[in-house]
Structures are given as C-alpha cells and as structure tokens.
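# turn this into a model:
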Amino acid sequence: MWAYTLRRLLALIPTLVFASLIVFATVRMIPGDVIDMMLSQNDTSAGQKDREQLEQALGLDQPVYIQYFRWLGGVARGDFGHSLWQNTPVLDQILARLPITFELGLLAIIIGLVIAVPIGVLSALRQDTTGDYLMRSLSILMLAVPSFWVGTMVMVFPSIWWGWAPALVYVPFTQDPLANLGHMLTPALILGMSLSAITMRMMRTMMLEVLRQDYIRTAWAKGLNERTIVVRHALRNALIPVITLIGIQAPLVIGGAVIIEQIFVIPGMGLLLLDAVGQRDYPVIAGVFLVVGVAVMLINLIVDLSYGLFDPKVRYR
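Numbers count the residues shown, from 1 in each chain. Coordinates of the predicted model:
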C-alpha cells in the first residue's frame, strides 16, 4: 500500500501543475481590472503614469506567462504571494480560513451519511412498501431543493414567525466548542441534507443489488436474523460505491460551502473567495482555487485507499 500511495502522490504533481495553469489563466479572465478599481477608490484624477506605477508596484506590468512562472515558483517554495489589497501573505489568510471550511464540510458529510445510510438500507429492506415510497420521495425532494434556498429560508422565516435566527457571530472551536457547534450545526445540516439525497438513492440501489446475491440467500437459509445479515454481510459490500460517491461529492461540498458561508456569515474559504473575486485580488483567488484542488485530490486518494478496509479483495500493488 505504501508504494501505491507514493505513486499516487507523485502522479498528483503533473496534475497540480496543469491545474495551476488553468487556475491562473481563469483568474485573469474575470471581468474588471484591479488597477482601475484601486485608482477609482484612491484618486479619481489618476492618469496613465499613476496607472503604470501601480502596475509596476504590484508586479502586473510583466507579461502573463512571466507572472505565471514567477507565481508557480513561489508556490513551489510555499509562497503564494501577497494580497493586492491588504499586502498580507495569501498563505496566512488561507491557513486561517481553511480549518473553518474543513469543519463545515466534515460536519456536512457526517450528517449526510447519518441521514442517508440508515434510510437507504431501510428503504431497500422494505422495497415497494409505503415507507419505501415515502423515503424515495424525500430523497427526490432534498435533491430538487437547492441548499442555498433552504439556507435563505432558514435565515428569513423563523425570524419573522418566531423571532429566532441562527447565530451569526462565529466563535472558534478552540475558544468555545459548544458555541462553535451551535453556530455550525444549522449550515452543516442544510448542506448535509442536500448531500444525503443522492447518497440515499445510491445506498438503496446497492443494498438491493447485494441482497440478491447468493451468499445473502445462503445466510437467510441458515436462519441468521435480519440484523446480522444486513450489518455483517450486506452493508460492508454495499458501502463501497457510496465511499466512491463521497469522493465525488467533495467538490460539491466545497462549492456549496461558498454560498452557505456567505448566508450564515462563516469566515471560511468560501467567504474569502467571494471577497477576493469582488476585489479582483488575483493572488488570493488563485491560492484558494489551488488549495481546494489539492484538497479534492487528497480526499479522492484517501477514498481510494479506504477501499481495502471494506473489501478484502482489494489489494494495492
């Protein structure tokens, strides 16, 4: 497994280089010019000379390919550059926000699995019953309703009807764990319910397929009770495609967190990205996208390595 893991990590290097090229080019395609924004805020009468001086000070006077290789060389050394507006290291901003988004995403995935796995298993065991139809309808409803709409409704209507609204003041987990979880639970629940919809349907489909296997019929014929058959024999094999789905959902979690963090005022990577896009802060945008790309690749690697825990037939050579 160690050799397989090393090969996968080495294979990430060309992928990251290609991803960095796409990120750097895409950031430069965002409409609007950061130089114009800075000049309009500081000096409405600024001329061409002022513009050239500002471009030179920010390093934007060089050709794009030179800016890219200079930025890539800095990233290779662990230097993501400095914010164009705040002149603070981009890496420091990302490291301050990354644990917050990681906590939100982890809670959302856990909540999604807690909802999806039991309901998917129960729906498969009670196939074509009233309960099965209700649970399938619930999954379709959660899949159809976007999480940002639910988040907006949660923010608006409870405050109108009952005078209650989710907490909007973020408290670090190290400072007050209970207050932190109280603030993160509602957005994580909304995001987790959205993720659970497709996981629920996948869990049901795979359980139905596994329950039709010969070894499951043999277990029934031996007189084993339903709980033993489901937990010890069927569930482990049915979870393998669900684990793959978790890796696929990682970008969805991060993408959903961007909007959810904005709605619930969570100072994570999503809020940092939105602020940077509004200010055309190119180093921050590129840094956030690159870190997110690395996180998605590592999550998928962890998912691939976890197959061996659930399926003994999987061997890494």
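# from now on I want contacts and neighbour counts done on CA atoms only, so please keep to that.
Noted.
# in this structure residue 88 contacts residue 94, no?
No - in terms of Cα atoms under 8 Å, residue 88 does not count as a neighbour of residue 94; the distance is 11.0 Å.
# so which of those two has more stuff around it?
Taking neighbours as other Cα atoms under 10 Å, residue 88 and residue 94 compare with residue 94 leading, 19 against 12.
# any idea how far residue 282 is from residue 90?
Going from residue 282 to residue 90 by Cα to Cα, to the nearest Å gives 10 Å.
# now for these two: what residues contact both?
Common contact partners of residue 282 and residue 90 (Cα atoms under 8 Å, 6 or more residues apart in numbering): residue 83.
# which element is the residue sitting nearest the centre point of the chain on?
Centroid-nearest residue in the chain, with Cα atoms, centre = their mean: residue 254, separated by 2.3 Å. Element membership for residue 254 (DSSP states H and E) is helix 235-264.
# now for that helix, which elements pack on it?
For helix 235-264, the packing partners by 3 or more Cα pairs under 8 Å, 6 or more residues apart in numbering; DSSP states H and E come out as helix 90-125, helix 147-161, helix 177-211, helix 269-279, helix 282-310.
# run the chain-centre distance for the shortest one.
Same thing as helix 269-279. How far helix 269-279 lies from its chain's middle: 16 Å, per Cα atoms, centre = their mean, to the nearest Å.
# now do it against helix 235-264, angle only.
Between helix 269-279 and helix 235-264, the angle comes out at 40 degrees (axes from the mean of the first three to the mean of the last three Cα atoms, to 10 degrees).
# helix 269-279 versus helix 90-125: what angle between them?
Using the same axes, to 10 degrees: helix 269-279 against helix 90-125 is 130 degrees.
# what residues of helix 269-279 count as buried?
Buried residues in helix 269-279, counted by 16 or more other Cα atoms under 10 Å: 269-274, 276-277, 279.
# which outside residues touch it?
Residues outside helix 269-279 that contact it (Cα under 8 Å, 6+ apart) are 34, 37, 94, 97-98, 100-101, 254-255, 257-259, 261-262, 265, 282, 284-285, 288.
# could you list the low-confidence segments of the stretch 1-150 of the chain?
1, 42-47 (pLDDT under 70).
# about what we covered before: PyMOL command to pick out the buried ones of the contacts of helix 269-279?
Buried members of the contacts of helix 269-279, defined by 16+ other Cα under 10 Å, are picked up in PyMOL with:
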select buried, resi 34+94+97+98+100+101+254+257+258+259+261+262+282+284+285+288
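# any idea how far stretch 123-134 is from the middle of the chain?
In terms of Cα atoms, centre = their mean, the centre of stretch 123-134 is found 31 Å from the chain centre.
# now do the same end-to-end measure for it.
End-to-end distance of stretch 123-134 (Cα to Cα): 9 Å.
# what are the boundaries of the helices in the stretch 1-150 of the chain?
For the stretch 1-150 of the chain, the helices defined by DSSP state H, counting those that start in this stretch occupy 2-28, 34-42, 48-58, 64-76, 90-125, 130-144, 147-161.
# and residue 204, which of those is closest to it?
helix 90-125 (4.3 Å; Cα to Cα).
# now the angle from the closest one to helix 282-310?
With the same axes, to 10 degrees as the basis, helix 90-125 and helix 282-310 are set at 40 degrees to each other.
# coming back round to it: what's the closest of the buried residues of helix 269-279 to residue 303?
Using Cα to Cα, residue 269 comes nearest to residue 303 of the buried residues of helix 269-279, at 22.7 Å.
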